[in-house]
Structures are given as C-alpha cells and as structure tokens.
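A.B. asks: no letters, just coordinates:
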C-alpha cells in the first residue's frame with residue numbers, strides 16, 4: 001500500500017512540477033528553467049544528505065555499469081521534454097501521453113530484462129491494458 005501511495009504522490013508532483021516549469025520557461029527560457037530545476041534539486045539533495053546521514057559520495061563512483069550514472073543527464077532531458085509537451089499540448093494531454101510512454105518503455109524493459117531488471121514473461125492482459133490506455137488518450141483528445 002505504501003508503494004501505491006508514493007507512486008500516486010510522485011505522479012501528482014510530476015504534473016505540478018511540469019506546470020511550474022512550463023510557466024518559468026515562458027519567462028526565463030527553456031535552458032535557464034531546466035538549469036534552475038536541476039540546481040535546486042541538487043541543493044535539496046545536499047540538504048537531505050546532510051540531515052539524514054552521510055554515506056560516502058565516493059561510493060557513487062563504484063557504480064557498475066558506469067552508464068547507470070547518466071540518470072541526471074536523462075533527468076535534464078526529461079525536464080525539457082515535459083516543459084515542451086505541456087506547453088504545446090496542455091498539462092492533461094501531455095501527462096497522459098507521458099504516462100503511456102513510461103508504461104510502454106517500462107514494460108519493454110521488463111520483457112527484455114535490460115539494465116539489470118529481472119526479465120518478465122509476456123502477458124496479453126498487460127498489452128490489452130496498454131491498448132485501453134491508448135484508446136483513452138484518443139477519447140480524451142476527441
């Protein structure tokens with residue numbers, strides 16, 4: 001149950017953040033806004049690290065495989081693409097498409113077992129669920 005609640009909070013926060021970032025971008029520009037998001041996120045993480053314990057930062061560089069350290073780079077592009085999609089589609093449409101893309105890519109990762117994720121068997125009901133989500137977007141847009 002805790003995981004469900006955290007996932008719901010995460011989705012809500014991502015939608016709110018996308019709207020905030022889109023509004024800041026209108027006034028400050030895309031890369032300035034994206035940089036602000038990343039810098040403030042870094043500062044929050046440093047503060048949390050100071051108050052919740054201090055595991056060695058050097059442990060980060062023991063990560064294997066090294067490409068797993070690209071999460072922050074991906075995060076910058078996530079911020080940019082969320083801003084641009086919300087600006088052109090509006091928050092509701094953009095978030096629906098973002099969630100469907102997340103679901104599809106996550107399922108493909110599970111099916112293929114890449115990035116250290118345990119491989120899962122194909123299930124038709126998950127594909128039907130994906131198709132229903134896509135139909136929902138079409139209905140919402142219509």
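C.D. replies: Received it, and whenever you're ready, just let me know what you need. Please read these numbers as outputs of a predicted model, since none were measured by experiment.
A.B. asks: residue 50 and residue 56, how far apart?
C.D. replies: 14 Å (C-beta to C-beta, to the nearest Å). Where you see a C-beta, it was placed from the backbone N, CA and C, and this is true even at glycine.
A.B. asks: repeat for residue 62
C.D. replies: Applying C-beta to C-beta, the value for residue 62 to residue 56 is 9 Å.
A.B. asks: could you do residue 22 as well?
C.D. replies: Counting by C-beta to C-beta, the gap from residue 22 to residue 56 is 37 Å.
A.B. asks: repeat that for residue 36.
C.D. replies: Counting by C-beta to C-beta - residue 36 and residue 56 are separated by 29 Å.
A.B. asks: please report phi then psi for the spatially most central residue of the chain.
C.D. replies: Closest residue to the average C-alpha location of the chain: residue 78 at 6.5 Å, with C-alpha atoms, centre = their mean. Main-chain torsions, residue 78, degrees, to the nearest 10: phi -60, psi -50.
A.B. asks: may I ask which helix or strand encompasses residue 31?
C.D. replies: Under the criterion of DSSP states H and E, residue 31 resides in helix 30-52.
A.B. asks: same for that helix, what does it pack against?
C.D. replies: helix 2-28, helix 71-89 (3 or more C-beta pairs under 8 Å, 6 or more residues apart in numbering; DSSP states H and E).
A.B. asks: rounded mean pLDDT for that helix, please.
C.D. replies: Averaging pLDDT along helix 30-52 gives 95.
A.B. asks: that helix vs helix 2-28, what angle?
C.D. replies: Put simply, helix 30-52 runs at 140 degrees to helix 2-28, going by axes from the mean of the first three to the mean of the last three C-alpha atoms, to 10 degrees.
A.B. asks: which residues does helix 30-52 contact?
C.D. replies: Defining contact as C-beta atoms under 8 Å, 6 or more residues apart in numbering, one finds that helix 30-52 is touched by 17, 21, 24-25, 28, 72, 75-76, 79-80, 83-84.
A.B. asks: show the buried residues in those.
C.D. replies: Neighbour counting by 16 or more other C-beta atoms under 10 Å classes 17, 21, 24-25, 79-80, 83 among those as buried.
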